[in-house]
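Participant: Sequence and computational prediction follow.
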Amino acid sequence: MTLEETMLALEYIYPGCERVLDGQNIVWLDSRPYPTETELQDALYQAQLEKAKREKLVLIEAVCMGKMEESMPWDFGDTIENIQTRPQDKVNLLGIAIEARHLDTLGYTDAFTPLRVESNVEYHITPQEGVAITSAALQHIVEKYKRCWLWKDDVRDATTLEAVENATWYEGPLPRPE
C-alpha cells in the first residue's frame with residue numbers, strides 16, 4: 001500500500017485523525033489505536049468505492065442533462081418531426097396540454113394553436129392532436145428521468161468498484177412499479 005493510499009485509508013477509518021508525515025513515514029499522534037493492515041486494506045477499498053461512486057454520479061448527472069436535451073420524434077402523417085422536450089420546453093408543453101384537454105372536453109375539433117418543432121416548422125394542431133402530442137412528450141420526459149434514477153440507484157447501491165464501473169444508462173423497457 002502506498003503512502004497516499006495509507007493516508008486515504010486512515011482518513012476513512014478516523015476522519016480528522018491526528019497524524020503527520022515525516023518523510024516517507026506516518027507518525028501516528030491520534031489517541032485511537034493504529035489500524036491493522038487488514039483494516040487499512042478494507043478502508044482503502046471502501047474509500048476508493050465511495051470516490052468512484054461520487055465521480056460516476058457526476059458523470060451521470062452530465063449525461064442525464066444531455067439526455068434531457070434530446071427531442072422526441074412525432075409522426076405528423078406526411079413527415080416525422082422532432083418535438084423538443086428540453087426542461088425549458090416543459091412549461092410550453094404543459095400549457096398546450098391544459099388548453100388542448102379543455103378544448104377537447106368542449107368538443108372543439110379545429111386547429112387551436114401552432115406547435116413549432118425542432119426544425120422550426122410550425123404545425124397548427126387540433127385539441128386531440130395536442131392531447132396526444134403532449135401526453136407522449138411528457139411521458140418521454142418522465143421516462144428519461146426514470147432511466148437516470150435507475151442508473152443513479154445502480155451506482156449508489158453498488159458494493160464493488162466493478163459494479164460502479166459497469167453501471168450504464170438503462171436501455172429497454174422500464175420495470176413496472178410493484
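Facilitator: Alright, I've got the coordinates. Residues are numbered from 1 along each chain as shown.

Participant: List the contacts of the residue most central in space within the chain.
Facilitator: When the chain is reduced to its mean C-alpha position, the nearest residue by Cα atoms, centre = their mean turns out to be C148, at 3.4 Å. When contacts are counted by Cβ atoms under 8 Å, 6 or more residues apart in numbering, C148 touches I60, C64, K67. Placement of C-beta: from N, CA and C, glycine included.

Participant: ok, of the residues you listed, which one's closest to Q24?
Facilitator: Closest to Q24 out of those is I60 (37.7 Å), distances taken as Cβ to Cβ.

Participant: Thought K152 was touching that closest one, still the case?
Facilitator: Yes: taking Cβ atoms under 8 Å as the contact criterion, I60 and K152 are neighbours in contact, 5.7 Å apart.

Participant: Between these two, tell me which one has more neighbours.
Facilitator: I60 (20 against 17; other Cβ atoms under 10 Å).

Participant: any idea which element that one lies in?
Facilitator: When elements are defined using DSSP states H and E, I60 is found to belong to helix 37-68.

Participant: packing partners for that helix?
Facilitator: Counting contacts by 3 or more Cβ pairs under 8 Å, 6 or more residues apart in numbering; DSSP states H and E, helix 37-68 packs against helix 3-13, helix 127-157, helix 161-166.

Participant: Go through those and name the closest to A47.
Facilitator: Go through the helices and strands packed on helix 37-68 one by one with Cβ to Cβ and the one that ends up closest to A47 is helix 3-13, at 4.0 Å.

Participant: what angle sits between the closest one and helix 37-68?
Facilitator: Counting by axes from the mean of the first three to the mean of the last three Cα atoms, to 10 degrees, helix 3-13 lies at 90 degrees to helix 37-68.

Participant: Quick check: buried residues in helix 3-13?
Facilitator: If you call a residue buried by 16 or more other Cβ atoms under 10 Å, then helix 3-13 has these buried ones: T6, M7, L8, A9, L10, Y12, I13.

Participant: Next secondary structure after that helix?
Facilitator: Using DSSP H and E, the helix or strand that follows helix 3-13 in sequence is strand 19-22.

Participant: so how far is that following strand from its chain's centroid?
Facilitator: 40 Å (Cα atoms, centre = their mean, to the nearest Å).

Participant: Who does it pair with, and is each partner parallel or antiparallel?
Facilitator: strand 25-28 (antiparallel) (DSSP bridges).

Participant: Just name the shakiest helix or strand of this structure by mean pLDDT.
Facilitator: Between all helices and strands in the chain, the lowest mean by mean pLDDT, DSSP states H and E belongs to strand 19-22, at a mean of 86.
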